[in-house]
Structures are given as C-alpha cells and as structure tokens.
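1. build the 3D model from these lines:
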Amino acid sequence: MNENTIPPESKTAGSDLRAKLQFLNLPFMQTNHESLAANAAQKNWTHLDYLTSLADGEAALRRDRSIQRRIRFARFPVIKNLEQFRWSWPTTINRPAVQNLFRLKFIEDKTNVIFLGGVGLGKTHLATALGYAACLNGLSVLFTTAIDAINTLSAAQAVNRLKAELKRYLAPSLLCLDELGYLPIDKHGADLLFQIISQRYEQGSIIITSNRAYKHWPQIFNNDSTLTSAMLDRLLHHAETIVIEGKSYRMKGKLES
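-> Prediction:
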C-alpha cells in the first residue's frame, strides 16, 4: 500500500499518534513505530512483542543520551580507555591493582585513588579512563586540573559565590584532580583545595594524579606541613595509591634516537 492508497482516516490517525509521541518526548517511538509495525506484521509478532521492541529502543536511546550528557559534563580533555594504555612502557606498575579499579568498587565505597609518578607515564590516561568508565556505568564525573579548580574557586570567592561553586566539585560521584604538584600552590589556593578534599571525605571519591611522592607534598603547598598533613590524612584514610615508574612515553622518540 503506497501513500496515495492509505485511507484519509489512517493518515490522520498516524499524524495524531506522531504528535502525541512528540508531546510525550518519545523520539525513538515517534521515528520508528511505523517501520517496526511493518516488521511486526511481517514476522507475526504479538502486540506485546511490538510494544517491547518499541520500549527497548526508547530505553536504549535514553541510555545513550544520558551517557553522552555525563561525558560532556565530565569535561575530559580527551577520551581514553584502559584498552589504549601501554602496559609495556612503565618499568613499575601494579597492573592487577589498576585493572581492579575498573570494577569501580572504590566509587561505591567512596574511597580515593592516587596515581604517583613522573611525567609521561600515563597517570592522566588512567584517571581519564576511570572517569570515562564511570560515565558509561551511569555515574557522574568531573575532571579538572588542581590548578584550574583552585583558580575557579578563587574567582568565585572574589564575587561571594564560593559556596555555590564548591557544589560543582562536591556533587559528582567521582572527582578527578589532575596534575597536583606540577605548579606551586600558595596558602590561599591550598585552603581552597582543602575545602574540596575535606568536604568530599567519606562522601565521594577523588582521583588525584601527582608527580610528587607524598614526602614532598609540603613543597607543593608552600611548605605548610600542618595543612599538608591534614589533607593527606583525609585523602589516604580510605585510598589506594598506584605508583608508576619509568621514563616519559612522550619523550620516547628522543630517548631512542
């Protein structure tokens, strides 16, 4: 039956149904109900089979859109996954411990992960991949560098919006703070970072990447050993530390020449 032979009342009913599906915000059903109906007729589906197929398609579309929203909100610099990680490059890395993190149990338990090691060893890659895996599993994530978080909070504090801005860093199930220790942090910045860490303590997971061993962390925070101890106390009470050693992968070509 072509369009010209469809009875006028069927055309009206079809248009009415599409309008109602649009009003109900059911885009998959709106787009696919006719083609699935034809398929159902051809394969002798029951009414329940047809409805189930429509509902499955709608649910899948909503899951995909929800995942994409979480990924956009996370603000990853690039998308990385564990399969892309080059295990052969670091001279030291606890591969089973890293792979176990991707079960994401640490997020459920509201514990932390700290990646320590020199530049170019994949710390940011692993942090991003964990965040991406969390997004795929329905969890909210925010990725930022430590310095960007401090600068954002400092600007918010200057206009009396610190409490509101802090919520951005407290709300996600997982917060990734990248590159802690690459630039020095003054007393004011350290106090702001401490607010994030202390308020997420036992409330939400943090991933931190740093190029400094813990014993050198006071140097990051203007040699304030008291504040550094308080920060480490909260971070490490429930945490797993992954130490990565080796030479920078980004320098691979120059090291081999």
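
2. I'd like to know how many residues surround the closest residue to Thr92 other than its chain neighbours.
-> Here the nearest residue to Thr92 in space, its sequence neighbours aside, is Glu245; by C-beta to C-beta, 6 or more residues apart in numbering that works out to 3.8 Å. C-beta coordinates here come from the backbone N, C-alpha and C atoms, glycine included. Counted with other C-beta atoms under 10 Å, residues neighbouring Glu245 total 12.

3. ramachandran coordinates for Glu245?
-> Phi and psi for Glu245, reported as degrees, to the nearest 10, are phi -120, psi 150.

4. residues of the strand or helix carrying Asp64 that come out buried?
-> In this structure, Asp64 is located in helix 47-74 according to DSSP states H and E. When burial is assessed from 16 or more other C-beta atoms under 10 Å, helix 47-74 yields the following buried residues: 50, 53-54, 57-58, 61, 70-71, 73-74.

5. do stretch 217-226 as well
-> Within stretch 217-226, the residues that count as buried by 16+ other C-beta under 10 Å are 217-218, 220-221, 224.

6. other residues contacting that stretch?
-> Under the contact criterion C-beta atoms under 8 Å, 6 or more residues apart in numbering, stretch 217-226 has outside partners 180-181, 184-187, 190, 210, 212, 227-228, 231-232.

7. are any of these buried, and if so which?
-> Under a neighbour-count criterion of 16+ other C-beta under 10 Å, the subset of those counted as buried comprises 180-181, 185, 190, 210, 212, 227-228, 231-232.

8. which ones among the residues you listed map onto strands?
-> Applying DSSP state E to those, the entries found in strands are 180, 210.

9. check which helices and strands the strand or helix carrying Ala41 sits against.
-> When secondary structure is defined using DSSP H and E, the element that contains Ala41 is helix 27-42. Packed against helix 27-42, as judged by 3 or more C-beta pairs under 8 Å, 6 or more residues apart in numbering; DSSP states H and E, are the following elements: helix 8-23, helix 47-74.

10. run the chain-centre distance for that helix.
-> Centroid displacement of helix 27-42 relative to its chain, using C-alpha atoms, centre = their mean, to the nearest Å, is 34 Å.

11. next one: stretch 163-183
-> Averaging C-alpha coordinates over stretch 163-183 and over its chain gives two centres that are 12 Å apart (C-alpha atoms, centre = their mean).

12. same thing with stretch 68-86?
-> Per C-alpha atoms, centre = their mean, the centroid offset for stretch 68-86 relative to its chain is 7 Å.

13. kindly format the C-alpha coordinates of stretch 157-166 as PDB.
-> As requested, the backbone C-alpha atoms of stretch 157-166 are provided in PDB (Å, rounded to 0.1, in the frame of the first residue of the first chain):
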ATOM      1  CA  GLN A 157      35.200  33.700  46.300                       C
ATOM      2  CA  ALA A 158      36.000  37.100  44.900                       C
ATOM      3  CA  VAL A 159      32.400  37.600  44.000                       C
ATOM      4  CA  ASN A 160      30.900  35.900  47.000                       C
ATOM      5  CA  ARG A 161      29.900  32.700  45.100                       C
ATOM      6  CA  LEU A 162      32.300  30.300  46.800                       C
ATOM      7  CA  LYS A 163      29.700  28.100  48.400                       C
ATOM      8  CA  ALA A 164      27.700  27.800  45.100                       C
ATOM      9  CA  GLU A 165      30.900  27.000  43.100                       C
ATOM     10  CA  LEU A 166      32.100  24.400  45.600                       C
END
